[in-house]
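Colleague: just need the structure, nothing else, for what follows:
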Amino acid sequence: MTAEAAQTAKAAVDGDVDVVALGESMVTFLPSRAGRLADVPSFDRGIGGAESNVACALAAAGHRTRWVSRVGADGFGDHLVEAIARYGVDTQAVRRDPRRPTGIYFRTADDRDTDAHEVLYYRAGSAASAMAPHSVDREALDAARILHLSGITAALSADCLALLRELTAPRPGRPLVSFDVNHRPGLWNGGSGTANEGPRVLLDIARGADLVFVGEDEAADAWGITGGPDAIRAALPEPATLVVKQGSEGATVYTEDEPAVFRAALKVDVVAPVGAGDAFAAGFLSATLRGLPADQRLRHGHLMAAAALTVPGDLATPPAREDADRLAALDAEAWGTLRLGPGWTDGTPGNDTVNHDAVNTEAKEEART
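Modeller: Prediction:
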């Protein structure tokens, strides 16, 4: 762990936390080459989990974060806790389960949007599925400005669903609750219900959150809403902030005191689409913590997503804050000509330069000044 990461983790332990993320993380096995899982000879080990991805990205961007979960008392659990802690995330509230294993999954290198893509999950009965209202450290959850949750946790088990219902219920001293819908139909069978129950449950939970992220396509699949962002807002008026992600087009944010704001997504040379949604949420939350206006929160979300899209795994080095601020401040024309490729965030968190060789735009000079 770097000195900066150690300092971030210590601040989190001392109770000065920006974001707490609760949810399952798994050890991921990434193929050494493209092809069917049956044909791939070897895999590289990584980590993956929607909520821990957000915590890691925010910690790498300089925020104080905590991850709350359960893992098995096994080597994979050791790897997860150690790997996530290396990002500067506080992991002291992660519980070890001697009876249940840490979840793992394998995936192919093919794009998720193709029929060739395969994912095999081994998470049924995992340690994280045993999270429940009585088995998590509530003080660790409440000691933050933002509590980040996702619909994946709700699908893992009846106990996990009960926990999310409690955390999104009105109560004194509740942090601002951020909820990423993350509708995963396959998880609901054998978890906390059936695939048919999932959409209704997710809508109920979203209505109790303060800030909600949902994809336009996701809302169509889960709730049958096909009228665009305005229709989604009409069906989900309760959250103070609603972010509707519109794929490669961009995203729209609705707030209580401002008109809806749309900001276009960036042009990106995509390496792999995994982790982009989590990265977008991290960028938006980072800008929210900094008190930036709605349009800037969307652009910071797009920039963080672009970092994830240009690496093969779930997690990427985020752009340095100074660089992200410069790029987010570009006018609409310059933003529209920006194209980001692999390596554009070259360096370590806190690096104060963008790799301009990986940024193709007529606005390069403006981005430097």
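Colleague: and Gly125, that one's in a strand?
Modeller: No - counting by DSSP: H, G, I helix; E, B strand; the rest coil, Gly125 is located in no strand; its state is coil.
Colleague: dump the residue contacts of it.
Modeller: Gly125 is in contact with Arg100, Pro101, counting by Cβ atoms under 8 Å, 6 or more residues apart in numbering. C-betas here are computed from N, CA, C, even on glycine.
Colleague: Ala332 too?
Modeller: For Ala332, the contact set (Cβ under 8 Å, 6+ apart) comprises Ala264.
Colleague: run the last query once more with 10 Å
Modeller: Residues near Ala332 by Cβ atoms under 10 Å, 6 or more residues apart in numbering: Arg263, Ala264.
Colleague: tell me the confidence at it?
Modeller: Model confidence at Ala332, given as pLDDT, is 95.
Colleague: what of Val181?
Modeller: On pLDDT, Val181 comes in at 98.
Colleague: likewise Ala143?
Modeller: Note on Ala143: pLDDT of 92.
Colleague: do you know how far it is from Pro41?
Modeller: Per Cβ to Cβ, to the nearest Å, Ala143 is found 46 Å from Pro41.
Colleague: which of those two has more neighbours?
Modeller: Relative neighbour count places Ala143 above the other of Ala143 and Pro41, with 19 against 8, counting by other Cβ atoms under 10 Å.
Colleague: from what I can see that one touches Arg174, true?
Modeller: No - applying Cβ atoms under 10 Å, one finds Ala143 not in contact with Arg174, separated by 11.9 Å.
Colleague: top helix in this structure by residue count?
Modeller: Across the chain, the longest stretch assigned as helix under DSSP state H is helix 294-309.
Colleague: how about it: buried residues?
Modeller: 294, 296-309 (16 or more other Cβ atoms under 10 Å).
Colleague: repeat that for stretch 175-187.
Modeller: Of all the residues in stretch 175-187, those buried under the rule 16+ other Cβ under 10 Å are Pro175, Leu176, Val177, Ser178, Phe179, Asp180, Val181, Asn182, His183, Arg184, Leu187.
Colleague: tell me the contacts of the fourth one?
Modeller: Right, the one you point to is Ser178. Applying Cβ under 10 Å, 6+ apart to Ser178 gives the contacts 19, 21, 51, 54, 146-150, 209-213, 239, 241, 243, 281, 284-285, 288.
Colleague: A strand includes it, no?
Modeller: Yes - under three-state DSSP, Ser178 falls within a strand.
Colleague: apart from its chain neighbours, what residue comes closest to Ala220?
Modeller: Once flanking residues are discounted, Ala220 sits nearest to Thr226: 5.2 Å by Cβ to Cβ, 6 or more residues apart in numbering.
Colleague: so where does that neighbour fall, helix or strand?
Modeller: Assigned by DSSP states H and E, Thr226 falls within no helix or strand.
Colleague: that one - how many residues pack around it?
Modeller: When neighbours are counted by other Cβ under 10 Å, Thr226 registers 11.
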